[in-house]
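Asker: 3D, please:
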Amino acid sequence: MKIKKAVFPAAGLGTRFLPATKASPKEMLPVVDKPIIQYVVEEAVRSGVDNVIMVTGRGKRAIEDHFDKSFELEYELERKGKLDLLKKIRKIAKLAYLSYVRQKEALGLGHAILVAKNLVDDEPFAVLLGDDLVYSKIPCLKQLINVYNKYKCSVLAVERVPREQIHSYGVIGGTHIEDNIYQVDELVEKPSPARAPSNLAIIGRYVLTPRIFKALEKTQPDQGGEIQLTNALKILKAKEPIYACEFVGKRYDAGDKLGFLQATVEYALRRPDLASKFKAYLKDLDVNLI
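Answerer: Have a look, this model is predicted:
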């Protein structure tokens, strides 16, 4: 069955970016001139998935407004002859078919996905996290979909991370199948380096079969009261195989201040309209500021 729907959990509080996220969603923080969430929606669309289910919460109205039409803004841009900007703004509202559902409490990634159950229905679907930006020739999600189309099982995006950072991720242990594909044998949520089965960390891209919902319903909350997706995947793995794809591309942790800054600099350097002047600025930057 074709992957037609993508769930975007976007109800988090964004505490790592306070006070900027006190009144504004972290998903709307701009990388150059485009909010993080738009980059990720565009990745889904380039992967052939244009039915987007956004899981939001209180204070996230700006996300809905961003992907909606803006009659007043469009009128002013047209009146002032700013047709290039007008074209960009209109394109945003036509990117995908978006629907919204609220996660009334921040009870973890697993809970956020469960909230979308009725909109997903009984079909395989994608999950994309806005904290992770992935720059790649073939969209990261498309790479996962290609694996799903071959094996017809859930697929997790993984990348190798330094051992000293492994405690921040869900980690897999797996059997190498071919190229960059593994069959998952073990899943551990935020292990110590000594307990980690590998240095293959799960990042924010998934293709999941609908059986994940039953697994999530059986998953007990952790000590913080959250339903962890990794724990639900353990339950799912007992029923059907799960695969991992070591994707090709560069990931930026845009939910972290340093990762966000790195993404901003490197995405700007890839822009034809900014690259030369920005590169010159960086070369001439006063070393006393560093």
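Asker: ok, Ile212 to Asp286 distance?
Answerer: Ile212 is 51 Å from Asp286, where distance means CB to CB, to the nearest Å. Backbone N, C-alpha and C define where each C-beta goes, glycine included.
Asker: neighbour count winner among the two?
Answerer: Legend: neighbour count by other CB atoms under 10 Å for Ile212 and Asp286, higher for Ile212 (28 against 6).
Asker: ok now do that one, which residues does it touch?
Answerer: Going by CB atoms under 8 Å, 6 or more residues apart in numbering, Ile212 touches Ile113, Ser154, Ala232, Leu233, Leu236.
Asker: how does it look with 6 Å?
Answerer: The contact partners of Ile212, by CB atoms under 6 Å, 6 or more residues apart in numbering, come to Leu236.
Asker: how much space between it and Asn51?
Answerer: Remark: distance between Ile212 and Asn51 (CB to CB) = 18 Å.
Asker: cool, and Asp185?
Answerer: Taking CB to CB, one finds Asp185 at 33 Å from Asn51.
Asker: Quick one: residues in contact with stretch 193-200.
Answerer: Outside stretch 193-200, the residues that reach it (CB under 6 Å, 6+ apart) are Val158, Arg160, Val161, Arg163, Ile166, Val171, Ile172, Gly173, Glu186.
Asker: Setting aside sequence neighbours, what's the nearest residue to Pro221?
Answerer: Ile227 (5.6 Å; CB to CB, 6 or more residues apart in numbering).
Asker: just the strands in the stretch 1-150 of the chain please.
Answerer: 5-9, 30-31, 34-35, 51-56, 97-102, 125-128, 132-135 (DSSP state E, counting those that start in this stretch).
Asker: just so I know, which of the ones you listed lies nearest Glu64?
Answerer: Of all those, strand 97-102 sits nearest to Glu64, with 6.1 Å by CB to CB.
Asker: mind listing what's buried in the closest one?
Answerer: Residues of strand 97-102 classed as buried under the neighbour-count rule (16 or more other CB atoms under 10 Å) are Leu98, Tyr100, Val101.
Asker: Okay, helices next: where are they in this protein?
Answerer: Using DSSP state H, the helices assigned to the chain run over residues 36-46, 61-66, 71-79, 83-93, 109-115, 117-120, 140-151, 212-218, 229-237, 257-269, 275-284.
Asker: Now render the ones you listed as CSV, adding mean pLDDT.
Answerer: Putting the helices of the chain into CSV (pLDDT from 0 to 100) gives the following:
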stretch, mean pLDDT
helix 36-46, 97
helix 61-66, 94
helix 71-79, 94
helix 83-93, 94
helix 109-115, 95
helix 117-120, 95
helix 140-151, 97
helix 212-218, 96
helix 229-237, 95
helix 257-269, 96
helix 275-284, 92
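Asker: confidence score at the closest residue to Gly224 other than its chain neighbours?
Answerer: Excluding the flanking residues, the one nearest Gly224 by CB to CB, 6+ apart is Gly108, at 7.9 Å. What the model reports for Gly108 is a pLDDT of 91.
Asker: Check Ala238 too.
Answerer: The confidence metric pLDDT takes the value 93 at Ala238.
Asker: could you check the distance from the closest residue to Leu274 other than its chain neighbours over to Gly173?
Answerer: The shortest distance from Leu274 to any non-neighbouring residue, by CB to CB, 6+ apart, is to Ala268 (5.1 Å). Between Ala268 and Gly173 the distance is 38 Å, computed by CB to CB.
Asker: These two: who's more crowded?
Answerer: Taking neighbours as other CB under 10 Å, Ala268 and Gly173 compare with Ala268 leading, 19 against 15.
Asker: my guess is that one meets Ser276, correct?
Answerer: No - look at Ala268 against Ser276 with CB atoms under 6 Å: they stay out of range, at 11.2 Å.
Asker: shared neighbours of those two, anything?
Answerer: Contacts common to Ala268 and Ser276, judged by CB under 6 Å, 6+ apart, are absent.
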